[in-house]
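> Need the 3D shape of this:
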Amino acid sequence: MAVIGFIGLGHMGGPMSANLVKAGHVVQGFDLIPAALEVADRHGVITAGSVTEAVSGADAVITMLPGGKQVLDCYDDVLAAAKPGTLLIDSSTVDVADARQAHERAAEAGFGSLDAPVSGGTAGAEAGTLTFMVGGSEADFQRAEPLLAPMARKVIHCGGPGNGQVTKMCNNLILGASMIAVSEAFVLGERLGLSHQALYDVASISTGQCWALTTNCPVPGLVETSRANHDYQPGFAAALMLKDLKLATSAAEQSGTDTAIGRLAAELYQRFNDEGGGGFDFGAIINSVRDHSDQR
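Numbers count the residues shown, from 1 in each chain. This is a model prediction of the structure:
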């Protein structure tokens, strides 16, 4: 079993660190929010008073932070305090350029590193069924795989440094756009007299089938796992979807890629966030579709 420093014990990092403890690892955790530390302590995490303390003596350090700036700022302390040979794993969702800069800084300091963002939301974090999309060397991936396994259903090596983030943003471009399409289809159907059940029964076994429909359907009562059944309390918040879509459109602009659907999806989630929807599950965008539909 390993000693793991875990930086960022929020809605995702908290249950992830708890699953590492359940697997028998010693987890030293730090978060700026005292309440997060209290919850982590109840789950067996050894709570630290600083990043330096959490990293001390660790075999691996996992970061789960809000953005690239926070990751790079955190690495100032991590790189100074980590023991030689420590493996650095960043599971935050950040810009590809920031991820590659983190890799470069780790390599310059003599550490192996991976970008390993996740898919699966808070439910997956709690259940230990996340998908990890990992960028970095094959050797570092082999070291990390058994450490990530207690938190994951799948751990997939996606290529070199930054490719985990590339995979995450591409996946969520698909997810964000498909949720909008599913929402529009249900609203169109209901306005033309089609029942939600009928549309679901056909689309879920036909060419319209997708995760946004069959796992997180934006209409309540059709799919047991949908956050719509819980007043859209977030599994994956609309604000986070907007963040990921902005990362995707930024990367598209930088690479000269025409992602017209991705840009439109970002605009629609921006509108929904501006209307106050950011704290709800991203499937709640169906309510924005309804609100903006002509009420003739």
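> which residues in the stretch 151-296 of the chain form strands?
152-159 (DSSP state E, counting those that start in this stretch).
> cool, the stretch 1-150 of the chain as well?
Under DSSP E, counting those that start in this stretch, the stretch 1-150 of the chain gives strands at 3-7, 26-30, 46-47, 60-63, 87-90, 112-115, 118-119, 130-135.
> closest one to Leu199 among the ones you listed?
strand 118-119 (25.9 Å; C-beta to C-beta). Placement of C-beta: from N, CA and C, glycine included.
> So which other helices or strands are in contact with that closest one?
Applying 3 or more C-beta pairs under 8 Å, 6 or more residues apart in numbering; DSSP states H and E, one finds that strand 118-119 contacts strand 130-135, helix 163-191.
> Looking at those, spot the one closest to Val202.
It is, among these and with distance given as C-beta to C-beta, helix 163-191, at 10.1 Å.
> Can you give me the buried ones in the closest one?
For helix 163-191, burial by neighbour count (16 or more other C-beta atoms under 10 Å) applies to 163-187, 189.
> Then stretch 150-167?
150-152, 155, 157-158, 161-167.
> For that stretch, list the C-alpha coordinates in CSV.
Provided in CSV are the C-alpha atoms of stretch 150-167 (Å, rounded to 0.1, in the frame of the first residue of the first chain):
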residue,chain,number,x,y,z
PRO,A,150,-9.9,1.9,-6.3
MET,A,151,-11.5,5.1,-7.6
ALA,A,152,-12.2,3.8,-11.1
ARG,A,153,-14.3,1.6,-13.4
LYS,A,154,-11.8,2.3,-16.2
VAL,A,155,-8.3,3.8,-16.4
ILE,A,156,-7.3,4.5,-19.9
HIS,A,157,-4.0,5.7,-21.2
CYS,A,158,-4.7,8.3,-23.9
GLY,A,159,-1.2,9.1,-25.0
GLY,A,160,1.5,11.7,-24.1
PRO,A,161,1.4,14.7,-21.8
GLY,A,162,-1.8,16.6,-22.0
ASN,A,163,-3.7,14.0,-23.9
GLY,A,164,-5.9,13.1,-20.9
GLN,A,165,-7.2,16.7,-21.0
VAL,A,166,-7.6,16.5,-24.7
THR,A,167,-9.7,13.4,-24.3
